[in-house]
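Undergrad: okay, here's the prediction I keep looking at, along with the sequence it came from:
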Amino acid sequence: MRTLRRWLIRAFLLVVLLIVLAAAAATIVPLTPLKPAVESRLSDYLGRKVTVSTIKLRFASGPALALGGMQIAEDPGFGDGRFLDANQVTANIDPVALLRHRRISIRSMKIDDPQLQFVKNTDGEWSWGTLGAKSQNQQQAGDGDRAARFSFNAGDLISVVMPAVSTAGLRHIQIEHASVTLTDKSTGQSATYKNITLISDLSPHHSGSEGGSHATGTLVAQSEEDAGGDLLKTELPFDLTIGRRNGSALFVKGSVGPGRLETSNIRIGQFSINGDVQAHKGASLEGSGQLSATDLFISTINLCQNVAQALKTNQIGDMSPGTQIASLDTNFQLDKGLVRTTGVRIQQLDGLGDATASQGTFKIEASLIVDYSGTVTLSPDSTARFKSASPMLGIFATILEVNNRLSIPLIVRGDVRSPQITVDVSRIF
């Protein structure tokens with residue numbers, strides 16, 4: 001009896017060892033024969049030429065589909081470069097669905113070290129706005145009623161990998177160490193931001209003629225100038241809906257922030273934006289919403305120095321380098337690359353006081369271009385310094401001031417790196 005038991009134990013251990021060895025040998029299963037079909041289906045769906053170096057099925061830490069060396073060509077209308085170049089794309093799959101139903105059900109996806117190229121043409125159209133547009137038109141021409149139900153969904157980009165792939169359970173996307181280059185062909189300027197991480201949870205979204213994905217998560221960027229990129233440091237939460245309206249216009253709506261934001265020219269303690277932006281093929285971006293910022297610092301402009309020079313006084317407000325703003329709130333409308341703002345409200349404008357502007361514009365090109373005409377209600381200290389600029393100004397300021405505070409017009413126009421700032425004193429009288 002004891003001998004039999006010993007034999008059974010040895011047999012069991014041998015079986016376990018064989019299973020472990022078999023699992024180790026099958027840790028990575030090449031799916032090379034599927035490569036042409038995968039590339040063809042991805043190319044057809046995205047409307048761009050797609051190539052993949054390797055396709056494998058991994059089992060080491062749970063079943064996963066791995067695409068190595070994935071490249072997506074740029075839309076020919078924007079150039080002959082690459083839209084995306086990803087070192088590794090890994091999709092974790094449901095083992096139960098794989099074993100029971102022989103179906104690959106993707107639960108999460110991770111993209112390692114991707115390089116993304118976003119190009120804006122001379123008409124103000126961004127290259128990402130046409131992604132999938134060709135495939136969509138083909139579906140509308142040949143699929144009848146099914147085309148009317150087509151919507152841009154983050155999961156759809158994966159479901160084309162093979163017929164037995166399901167993305168109904170896709171709930172998480174993670175992008176690690178991304179490099180993003182923005183190129184504006186109308187100005188010839190470009191900027192590259194490195195070390196960007198995006199973590200997002202997904203859920204389906206359907207509302208009227210809109211269909212897509214609801215995405216919540218965090219965008220983190222730690223791009224340093226000394227690392228070959230442009231300065232961008234931020235950590236912004238987001239709650240967005242991404243999809244297509246009426247099967248055509250690509251839209252993004254929801255909120256980004258509040259969170260910190262720093263570039264080479266601007267530092268913001270808390271930045272947030274809430275709005276609805278959409279892109280039509282062959283047209284520039286359009287949209288509207290609200291924007292707010294607190295603890296805003298612009299390093300390239302000294303507002304008080306310009307105001308002091310205009311008033312011919314030695315000091316007014318905060319004369320230290322840069323311009324500090326306690327808080328800024330405004331509504332905005334995006335129109336052909338120009339951001340039109342209404343109802344601008346600023347608290348503590350560089351030590352001068354509070355400011356308002358009924359309307360104005362700004363545009364981000366090589367730097368920030370602004371055009372604003374507003375009113376600054378000077379603080380009691382700034383009012384006193386204004387009155388001391390000359391005896392004549394002191395007399396009129398004493399007559400017009402309210403509670404020791406005087407309102408003066410302020411015009412800010414030009415490039416923030418070397419702006420032309422005008423204080424029209426004559427308008428006070």
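TA: Here it is on my side, so go on.
Undergrad: okay, buried residues for stretch 77-92 please.
TA: Residues Phe78, Gly79, Arg82, Phe83, Leu84, Asp85, Ala86, Gln88, Val89, Thr90, Ala91, Asn92 are the ones in stretch 77-92 that count as buried (16 or more other CB atoms under 10 Å). From N, CA and C alone the C-beta is placed, and that goes for glycine too.
Undergrad: do a quick rundown of the helices in the stretch 51-200 of the chain.
TA: 95-101, 133-142, 145-148, 156-159 (DSSP state H, counting those that start in this stretch).
Undergrad: lowest average pLDDT across these?
TA: For the helices of the stretch 51-200 of the chain, the stretch scoring lowest in mean pLDDT is helix 145-148; its value is a mean of 34.
Undergrad: what packs against the helix or strand Ser255 falls within?
TA: Ser255 belongs to strand 249-263 when assigned by DSSP states H and E. Counting contacts by 3 or more CB pairs under 8 Å, 6 or more residues apart in numbering; DSSP states H and E, strand 249-263 packs against strand 210-223, strand 232-245, strand 266-279.
Undergrad: can I get these in TSV with mean pLDDT, distance to Ala293 and mean neighbour count?
TA: Converted to TSV, those look like this (pLDDT from 0 to 100; distance: least, CB to CB, whole Å; neighbours: other CB atoms under 10 Å):
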stretch	mean pLDDT	distance to Ala293	mean neighbour count
strand 210-223	87	17	19
strand 232-245	90	12	18
strand 266-279	92	5	18
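Undergrad: same list (those) but as CSV, adding distance to Ser327.
TA: What follows is those, written out as CSV (distance: least, CB to CB, whole Å):
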stretch, distance to Ser327
strand 210-223, 23
strand 232-245, 18
strand 266-279, 9
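Undergrad: out of those, nearest to Thr361?
TA: Nearest of these to Thr361, taken as CB to CB: strand 266-279 at 16.4 Å.
Undergrad: residues of the following helix or strand past the closest one that come out buried?
TA: Per DSSP H and E, strand 266-279 leads on to strand 286-298 as the next helix or strand towards the C-terminus. Using 16+ other CB under 10 Å as the test for burial, strand 286-298 gives Glu286, Gly287, Gly289, Leu291, Ser292, Ala293, Thr294, Leu296, Ile298.
Undergrad: isn't the second one up against Asp276?
TA: Yes. Checked against CB atoms under 8 Å, the pair Gly287 and Asp276 is within contact range at 5.4 Å.
Undergrad: where does the stretch 251-400 of the chain dip in pLDDT?
TA: Applying pLDDT under 70 to the stretch 251-400 of the chain flags residues 281-283, 365-367, 389-400.
Undergrad: ah, wrong one, I meant the stretch 51-200 of the chain
TA: Within the stretch 51-200 of the chain, the segments meeting pLDDT under 70 span 60-61, 97-104, 132-169.
Undergrad: mind doing that once more with 80?
TA: Applying pLDDT under 80 to the stretch 51-200 of the chain flags residues 57-65, 93-106, 122-126, 128-170, 186-188.
Undergrad: for Gln348, give its distance to Leu378.
TA: Distance of Gln348 to Leu378, given as CB to CB, to the nearest Å: 12 Å.
Undergrad: oops, could you answer that again for Ile111 instead?
TA: 52 Å.
Undergrad: so these two - more neighbours on which side?
TA: Just comparing Ile111 and Leu378: by other CB atoms under 10 Å the higher neighbour count belongs to Leu378, 27 against 22.
Undergrad: go through this structure and flag its longest strand.
TA: Counting by DSSP state E, the longest strand found in the chain is strand 189-207.
Undergrad: what pairs with that one, and is each one parallel or antiparallel?
TA: Within its sheet, strand 189-207 is paired with strand 172-184 (antiparallel), strand 210-223 (antiparallel), according to DSSP bridges.
Undergrad: by how many degrees do that strand and strand 249-263 diverge?
TA: Here strand 189-207 runs at an angle of 130 degrees relative to strand 249-263 (axes from the mean of the first three to the mean of the last three CA atoms, to 10 degrees).
Undergrad: just the buried residues of strand 189-207, please?
TA: Ala191, Thr192, Tyr193, Lys194, Asn195, Ile196, Thr197, Leu198, Ser200, Leu202, Pro204, His205.
Undergrad: could I get the residues you listed as a markdown table with distance to Val220?
TA: Formatted as a markdown table, the buried residues of strand 189-207 follow (distance: CB to CB, whole Å):
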| residue | distance to Val220 |
| --- | --- |
| Ala191 | 18 |
| Thr192 | 17 |
| Tyr193 | 12 |
| Lys194 | 12 |
| Asn195 | 9 |
| Ile196 | 7 |
| Thr197 | 4 |
| Leu198 | 8 |
| Ser200 | 12 |
| Leu202 | 18 |
| Pro204 | 26 |
| His205 | 24 |
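Undergrad: out of those residues, which is nearest to Ile106?
TA: Once CB to CB is applied, the member of these that ends up nearest Ile106 is Leu202, at 10.9 Å.
Undergrad: circling back: contact partners of the strand holding Ser255?
TA: 129, 131, 152, 210, 212, 219, 230-245, 267-280, 292 (CB atoms under 8 Å, 6 or more residues apart in numbering).
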